[in-house]
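> Mind looking at a prediction? Sequence and model below.
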Amino acid sequence: MSIKGIRRFQDERKLHKQPYSWENEVMNVLEEMLEAKGYDVPSKVRESFLRPIAQYIRSKAATNPAIIWKEPTVEEKVDSHGDQIVFNVGAIMKLGYEPSSVLDEVSREINSRDGKIIKGKFEKFLPGDKGYNKPYKADFSKCKL
């Protein structure tokens, strides 16, 4: 169910029809990595805070002679994102949780959210927003290894 539920989230919101943007993908990953460290990046500052970090990463890589750049193929981009899944599965297991169960819970939560797409990213409605309905909250306590 986990991957099918995540696909459903993408399909129903037409997120997979958004143009691919390396910077947007980097900002999504950075936002989630900051969450893992305890930081909340509100949507109102997401762009102004995270885009410069993504641009800094690209400029540092471009000016470092030890880093070699060539235009990646679509398959190389897919490989990169697949590798990120591998690392994320490992991180979930290091924290003592069963990845499939975690993804099932995440799928239930994201599919219960209402929101809108802003700059290629689904932004969930928050309490007080028009259209807000309290979503399901993932229960990871039942996902432990």
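Arrived safely.
> How about the contacts made by the residue nearest the centre of the chain?
The centroid of the chain falls nearest to Asn28 when counting by Cα atoms, centre = their mean (4.6 Å). Neighbouring residues of Asn28 by Cβ atoms under 8 Å, 6 or more residues apart in numbering: Lys121. In this view, the C-beta of every residue, glycine as well, is placed from N, C-alpha and C.
> which SSE is it in?
Assigned by DSSP states H and E, Asn28 belongs to helix 22-36.
> Distance from that helix to the middle of the chain?
Relative to its chain's centre, helix 22-36 lies at 6 Å (Cα atoms, centre = their mean, to the nearest Å).
> pretty sure Phe122 is in a helix, no?
No. Under DSSP: H, G, I helix; E, B strand; the rest coil, Phe122 falls outside any helix and is assigned strand.
> Quickly note the distance from the residue of the chain most remote from its centre to Ala54.
In the chain, Pro65 marks the outermost C-alpha relative to the chain mean, sitting 30.1 Å out by Cα atoms, centre = their mean. Separation of Pro65 from Ala54 (Cβ to Cβ, to the nearest Å) stands at 21 Å.
> Next: Met33.
Distance from Met33 to Ala54, by Cβ to Cβ: 12 Å.
> quick revisit: what about the residue farthest from the centre of the chain, is that helix, strand or coil?
Three-state call for Pro65 (three-state DSSP): coil.
> And it, what's its pLDDT?
pLDDT, Pro65: 96.
> swap in the one 4 residues further on?
We note a pLDDT of 95 for Trp69 in this prediction.
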